[in-house]
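Chemist: For reference, the sequence and a predicted model appear below.
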Amino acid sequence: MSHVLASAGTTAAATSQSVIFWLLAVVSVGSAVGMVLARRAVHCALFLAAIMLSLAVYYAMQSAPFLAFVQVIVYTGAVLMLFLFVMMLIGVSSRDSLVETIRGQRLAAAIAGIALVVLLILGIGHAALGPATQSVANGGAGNVTGLATLIFTTYVFPFEVTSALLITAALGAMVLAHRERTSPKLTQRELSQQRVASGRPTPLPSPGVFALHNAVDLPALLPDGSPSELSVSSMLARRELGDDGTPALPPAPDEPEFDNPSGRADGSADENAEAADHAEPAGVSTQGGTDS
Amino acid sequence: MSPSAYVVLSVILFAIGGVGVLVRRNAIIVFMCIELMLNACNLAFVAFSRMHGNLDGQVIAFFVMVVAAAEVVVGLAILMTIFRTRRSTSVDDASLLKN
């Protein structure tokens, strides 16, 4: 590392380039290791975003500005968002099991990885790579124009094949993600009849304790002081149990315990919830205003 | 920086991605590691392009990006289909062909 730094540090530009290189090398390799080791899939996606952004900086440093922008827009913008989207659909809190199904697999994989690195670096060391000569390629017309010339002359046939590939991929995704409807689609009239017949024609009570909080994870208080569990989204209520078994927010001192269920009769409690819902003044009503 | 430093970095990233593919069980994370390997290849392509002084390597890297995007679209759709039928994305659970 020191001799590379010393050899590159002749001019100020080279020095700053090598400083950025080593900084981002640490960031990208550390993020890659973190991606392999992180248990939650979302953390892996964030590590991958860090790697992709640092690679975009590398492309820009190697006078490939077009690829740098494509890296940010296509990879970090589209591909990674697709990953996160599918992760949210599949279940964001799913964790990898730490049980080794094949004995000694992790050790063998680590040894194989290190062996691969050693092998490739030895091969590259024997290849005696030359110095950078990018100024020839980017001189004159510029990076984007040069790339466009190459794509539409030398590489025009692969470019056309790429369009077929993209159409096939889009069709394949549509076919794979398509689900046949097994029951007839309900009309609006049937939906409203279902709603009236279900006994609750009105919307559920909105969350937020009267005049104290309007956070979405705090249940609304009924007029008798008991919290209305209907007012909190079931996803949030499930997440409260989350990682370490403690609820995300401690209950305020004047509030009753959340986790002892209020033994209330259904109909009257619902009416009470409705009454509390309509009686909410300023704080929560502005929230409702933004919603509608 | 000389191109060989970039190539060595891409080798390291590629190997880490390969280890991730071998080690991880969640199919989404396996996909991410494959993306990391493709990105490492792109970095090597760009470094070689700068070393040779022409833009061919950058064009190849561009095509790799396009193919990777298509692969992610189809692969994630397959993952969603598998999740829909089996309620799991672990690669250990998709073992119907084993016996």
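Modeler: Done, it's in.
Chemist: give me every residue that touches B:L13.
Modeler: Listed by Cβ atoms under 8 Å, 6 or more residues apart in numbering or on different chains, the contact partners of B:L13 are A:S28, A:V29, A:A32, A:I51, B:L36, B:M37, B:N39, B:A40, B:L43. For glycine as for every other residue, the C-beta is placed from the backbone atoms N, C-alpha and C.
Chemist: Excluding chain neighbours, what is closest to the last one?
Modeler: The reference is to B:L43. Nearest residue to B:L43, sequence neighbours excluded (Cβ to Cβ, 6 or more residues apart in numbering or on different chains): B:S10, at 4.1 Å.
Chemist: Tell me which other helices or strands the helix ranked longest in chain B touches.
Modeler: For chain B, the helix with the greatest residue count under DSSP state H is helix B:56-86. Helix B:56-86 is packed against helix A:65-70, helix A:80-90, helix A:143-152, helix A:156-177, helix B:27-52, with contacts defined by 3 or more Cβ pairs under 8 Å, 6 or more residues apart in numbering or on different chains; DSSP states H and E.
Chemist: sec struct for the residue nearest to B:L43, please.
Modeler: helix (DSSP: H, G, I helix; E, B strand; the rest coil).
Chemist: Then B:L96?
Modeler: What three-state DSSP gives for B:L96 is coil.
Chemist: Number of residues surrounding it?
Modeler: Applying other Cβ atoms under 10 Å in any protein chain shown, we find 7 residues neighbouring B:L96.
Chemist: now it: how far from chain A?
Modeler: 16 Å (Cβ to the nearest Cβ, to the nearest Å).
Chemist: Which pLDDT value goes with that residue?
Modeler: You'll see B:L96 listed with a pLDDT of 72.
Chemist: Now the phi/psi pair for it, please.
Modeler: Note on B:L96: backbone dihedrals following degrees, to the nearest 10 are phi -70, psi -30.
Chemist: can you tell me how far it sits from A:A49?
Modeler: Taking Cβ to Cβ, to the nearest Å as the criterion, B:L96 is separated from A:A49 by 34 Å.
Chemist: Please apply the same query to A:I167.
Modeler: Going from A:I167 to A:A49 by Cβ to Cβ gives 28 Å.
Chemist: cool, B:S2 as well?
Modeler: Relative to A:A49, and taking Cβ to Cβ, B:S2 is found at 28 Å.
Chemist: check contacts around the nearest residue to B:F14 once chain neighbours are set aside.
Modeler: Of all residues not flanking B:F14 in the chain, B:A40 sits nearest, at 3.9 Å (Cβ to Cβ, 6+ apart). Remark: with contacts taken as Cβ under 8 Å, 6+ apart, B:A40 is in contact with B:S10, B:V11, B:L13, B:F14, B:G17.
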